[in-house]
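Chemist: Here you go, sequence then predicted model.
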Amino acid sequence: MSLVSTSIPNLVNGVSQQPFALRLSSQCDLQENGLSSVVGGLSKRPPTRFVAKVSNTPFGSAFVHNINRDLSERYAVVITNGDLKVFDLTGAAKTVAFPNGKGYLGAASPETAFTAVTVADYTFILNKTRVVDSLGTLSPTRRPEALVWVRQGGYGLDYSITVDGYTKTLTTPNGDDPVHAKAIATNKIAADLAGAFVGDAAFNAVYECWRTGSTIYFARRNGADFTVTYTDGLGDQAMRLVKDAVQRFSDLPARAFDGFQVRVTGDASSGFDDYWVRYSANASNPNASVWVETLKGGERYRLDPALMPHVLVRESDGTFTFKQATWADRKVGDLDAVPFPSFVGFKIADVFFHRNRLGLVSEENVVLSRAGDYFNFFQSSVTQLLDSDPIDVAASHTKVAQLRHAIPFNEALLLFSDQTQFMLTGGDLLTPNTAAIKQTTEFQCSLAAKPVGAGRNVYFTVNRGSYSAIREYYVEGDTQTNDAADITAHVPKYVPGGVTKLAASSNEDVLVALSPADPSSIYVYKYFWQDLEKLQSSWSKWTFAAGTKVLSAEFVESDLWLLIERSGQVVFEVMSVDAGRTDPSIPFTFNLDERVWASQCTLSYDAGANVTRVTMPYAVGVPGDYEVYGYGAGGYKVGQRIVATWDSGQFVLPGNVTNFLIGRRYTFRYRFSTLVIKEEAAGGGMMSVGEGRIMLRKMSLSYDKSGYFRVEVTPSRREPFRSVFSGRVIGSGNNVLGVPALESGQHPFGVLGQNTTTTIEIINDKPLPCAFLSAEWEAMYVIRSRRL
């Protein structure tokens, strides 16, 4: 038998479900409402503060999106029950106009039905349950019409045009007289032929005939089709007929009539499909008139804006407008040469922004808009493919690869399907010619929760029976290959199944997960990297009062914005996760959830009874769970507790109290892993010593700036006993009556039990802070033999 002692260097690596012999000494059995930090140690999690009441009735399901416009202007968008609301970070509701109504906001489960991305003052909101379609509107068609272009004049030649049996022929002079030169000008020949048709009363009653320059225009007045033929004395090379189609662009005259449209068929050497051109006349400067590409008539050419993602626009006056977006129409070609984007006819799974393009994910395809033109998904020309044109590329795989999410990652775009991950790459310049989707890894995914990026990693969930696994996607430093580590490998039965929300803060190195299987808890992963080595990998959970339902969680820098349903209401609350947070005029923060200040409440002073009646801005749960602290009013010191009573739906405070803090207690709990003796392993590292009997005698906790905690020791088959630290140390200058006292130091306590049958817990159910840096323990170690 020998007396041994050892230390636990820190308590910041959270829960482990491994056998206790395999755990790190810094891991534990249970951690609730604690925050693990490599700087501040293990402390009680930050409290939530009330921001605004969103609804007096439960939501059931809600989608929340944060708009981080700049450092001073941020908003939260809430979609639920077919409605959309916008709040600023003070909780004030913003005015939202709905010029196209709210039909697009309908969904059975908004939490999973919607996704959004913000680009400047535009937030694109996608309803993933809607099937995109084109509008039934057809592109304009023109009546049958024709042009005859006189290209070349010559002496002694016949020029003949026949329109449905009406033939007019012009013979040019032989050139014996110098004045004949004017007679062979192409515009003169065209004028004479047109004049002959116009002068025919029978023809003119049925047909129209016009001339501009060397070009003659024909059309039937009733819009019916007709035939035109021509002959000339130069082997039919002196004139050109333009009707329905031409083979080459050079077959078109320089002068025509505004709006005239024709198809250019091209030839084997052209390298492009048929395309349509339209004559755009410049009335003020005819020489500036041009032929421009246009679209074929009689085909669908418009996306249905009612089924496409809508936009929430921040207006210049600070209000918002939720409306249909103005999506660009197809302007050139036909549906063969310039088809609709591949998402037409299907549901869109995700919307994102990547390399100055708006992107949509649908089925196996990724579709990106024109560069810098986020509302345009159509090619701008049939004759050439521009670098700025839209990109529409499919993921190819032996398995069905329905893409669900797209996350910008490592200068590329990481794409998730249920079983495979792909990467959209494009080199230095992302263009239709350089874009390609390549398979990168094969990991099963549960994509009810959108993957989230934090720093250089992306996190996504995996279903594991009744529980969820979460993987950390990264690029391996040496080989530059992609991999995904299971960060829940040591807690395989900890995070509940069906995770619907992931949120991360790269400022605080923290990831949170929400699951409807445990709606009153947030599962928290705290990590810390030093270069390429992960020094912290801590899982724990934050719990809220019974009956609470956390609907959504989003980080804005270091603030975790929570949409919470409790007591029949829905409220916004925020939790500041950053280090160094304190309440005004005191060096710490009161750990009270649902915190409100007096200015947020309705106060009524009863002079006769000398009491202040307080009406809370939200529905109170269990009144006995709430505590009130004075702030220099009504005779109370800053931080002095006020004993409140509950009467007729109000808190009643003694005296005329105009400044105070009120909130709900929550409990921090930490249970040590079974304490074991470790020794250096032959191959490096540490290993547990399984032989012998360890009888714990005492422990000591190193605490920092703590006001209260207690240690509960429960030996097997014996009553638990407590060791309480109140923050008050006799003789300390911090021990001031009437206000909380904080101290740092060592807290020793007895254990007196066997290591494998004794439970040791740290508990703090008071609003005062606590933080723990390390621990030491002492035991009698009995072993039958001497170890070599």
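Modeler: Nice, I can see it.

Chemist: Now for Gln311: which residues touch it?
Modeler: In this structure residue 311 is Val, not Gln. Val311 is in contact with 122-125, 322-325, counting by C-beta atoms under 8 Å, 6 or more residues apart in numbering. Quick note: C-beta positions are derived from backbone N, CA and C, even for glycine.

Chemist: ditto for Ile763
Modeler: Ile763 touches 667-670, 709-712, counting by C-beta under 8 Å, 6+ apart.

Chemist: Which neighbours in the sheet does the helix or strand where it lies have, and how are they oriented?
Modeler: Applying DSSP states H and E as the criterion places Ile763 in strand 759-764. With DSSP bridges as the test, strand 759-764 is paired with strand 668-672 (antiparallel), strand 709-714 (antiparallel).

Chemist: List the buried residues in stretch 3-22.
Modeler: By 16 or more other C-beta atoms under 10 Å, the buried positions in stretch 3-22 come out as 8, 10-16, 20.

Chemist: and what of stretch 533-543?
Modeler: 536-543.

Chemist: cool, and stretch 439-452?
Modeler: Those would be 439-440, 443, 445-452, for stretch 439-452 by 16+ other C-beta under 10 Å.

Chemist: Let me see the contact set for the nearest residue to Ser26 once chain neighbours are set aside.
Modeler: Once flanking residues are discounted, Ser26 sits nearest to Asn13: 4.1 Å by C-beta to C-beta, 6 or more residues apart in numbering. Asn13 sits next to 24, 26-28, 36, 536-538 when contact means C-beta under 8 Å, 6+ apart.

Chemist: change it to 10 Å
Modeler: With contact taken as C-beta atoms under 10 Å, 6 or more residues apart in numbering, Asn13 is in contact with 23-28, 31, 36, 38, 42, 490, 526, 535-540.

Chemist: Same question for Leu413.
Modeler: Taking C-beta under 10 Å, 6+ apart, we find Leu413 in contact with 352, 354-355, 359, 361, 366, 368, 406-407, 422-426, 430, 435, 437.

Chemist: thinking Ala484 is in contact with Thr441, fair?
Modeler: Yes: shown here, Ala484 and Thr441 form a contact pair, counting by C-beta atoms under 10 Å, at 6.3 Å.

Chemist: Now for these two: what residues contact both?
Modeler: Between them, Ala484 and Thr441 share the contacting residues 421, 471, 473, judged by C-beta under 10 Å, 6+ apart.

Chemist: circling back to that earlier point, if we only consider the buried residues of stretch 533-543, which is nearest to Phe272?
Modeler: Nearest to Phe272 among the buried residues of stretch 533-543 is Ser537, at 56.0 Å by C-beta to C-beta.

Chemist: element containing that closest one, please.
Modeler: Here Ser537 is assigned to strand 533-543, by DSSP H and E.

Chemist: Can you identify the element that follows that strand toward the C-terminus?
Modeler: With elements assigned by DSSP H and E, the helix or strand that comes after strand 533-543 is strand 549-556.

Chemist: CA-only coordinates of stretch 87-99, as PDB, when you get a sec.
Modeler: Presented in PDB, the C-alpha positions along stretch 87-99 are these (Å, rounded to 0.1, in the frame of the first residue of the first chain):
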ATOM      1  CA  PHE A  87     -35.800  42.000 -36.800                       C
ATOM      2  CA  ASP A  88     -32.800  44.200 -36.200                       C
ATOM      3  CA  LEU A  89     -30.400  43.100 -33.400                       C
ATOM      4  CA  THR A  90     -32.200  45.300 -30.900                       C
ATOM      5  CA  GLY A  91     -35.300  43.200 -31.400                       C
ATOM      6  CA  ALA A  92     -37.200  45.900 -33.300                       C
ATOM      7  CA  ALA A  93     -39.400  44.500 -36.100                       C
ATOM      8  CA  LYS A  94     -38.800  46.100 -39.500                       C
ATOM      9  CA  THR A  95     -41.400  47.000 -42.000                       C
ATOM     10  CA  VAL A  96     -41.700  44.400 -44.800                       C
ATOM     11  CA  ALA A  97     -43.700  44.900 -48.000                       C
ATOM     12  CA  PHE A  98     -45.100  42.000 -50.000                       C
ATOM     13  CA  PRO A  99     -46.000  43.300 -53.500                       C
END
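
Chemist: Quick one: residues contacting Trp276.
Modeler: Counting by C-beta under 10 Å, 6+ apart, Trp276 has contacts 139, 245, 261-264, 292-297, 332-334, 337, 382.

Chemist: brain fart, Arg613
Modeler: 601-606, 647-653.

Chemist: Helix, strand or coil: sort out it for me.
Modeler: Under DSSP: H, G, I helix; E, B strand; the rest coil, Arg613 falls in the strand class.

Chemist: On the pLDDT front, check it for me.
Modeler: As predicted, Arg613 sits at a pLDDT of 97.

Chemist: in the sheet, who's paired with it?
Modeler: Note on Arg613: beta-bridge partners by DSSP bridges are Ser604, Val652.
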